[in-house]
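> coordinates only, sequence not included:
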């Protein structure tokens, strides 16, 4: 037995494609932002529609 601690092997170099690449992460963030913006505007439009319909409902 050796007194030296085993050094783990280095991670393989990124090839620039796949889930770990920066380009993939940037696309994921962009998609998430677009979804959040779309969903937020959809909900705001729905609430606006509810106020409009409530204002014009027969009383």
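Received, thanks. None of these values were measured; they are calculated from a predicted model.

> which residues touch residue 42?
Residue 42 sits next to no residue when contact means Cβ atoms under 8 Å, 6 or more residues apart in numbering. From N, CA and C alone the C-beta is placed, and that goes for glycine too.

> For the one helix or strand it maps to, what is the distance to the chain centroid?
Residue 42 is part of helix 22-55 when elements are defined by DSSP states H and E. The chain centroid and the centroid of helix 22-55 are separated by 12 Å under Cα atoms, centre = their mean, to the nearest Å.

> same check, this time on stretch 46-59
In terms of Cα atoms, centre = their mean, the gap separating the centre of stretch 46-59 from the centre of its chain is 33 Å.

> can you pull the buried residues of that stretch?
For stretch 46-59, a neighbour-count test (16 or more other Cβ atoms under 10 Å) marks nothing as buried.

> For it, the averaged confidence score.
In this model, stretch 46-59 has a mean pLDDT of 95.

> same question, stretch 20-33
Stretch 20-33 carries an average pLDDT of 93.

> Give me the distance from it to the chain's centre.
A distance of 8 Å separates the C-alpha centroid of stretch 20-33 from that of its chain, computed with Cα atoms, centre = their mean.

> how would you label residue 19: helix, strand or coil?
The assignment at residue 19 comes out as coil when based on DSSP: H, G, I helix; E, B strand; the rest coil.

> burial of it, as a residue count?
7 (other Cβ atoms under 10 Å).

> Any figure for the gap between it and residue 27?
Summarising the geometry, the distance separating residue 19 from residue 27, computed by Cβ to Cβ, to the nearest Å, is 11 Å.

> Check residue 45 too.
Between residue 45 and residue 27 the distance, using Cβ to Cβ, works out to 27 Å.

> same check, this time on residue 48
Residue 48 sits at a distance of 32 Å from residue 27 (criterion: Cβ to Cβ).
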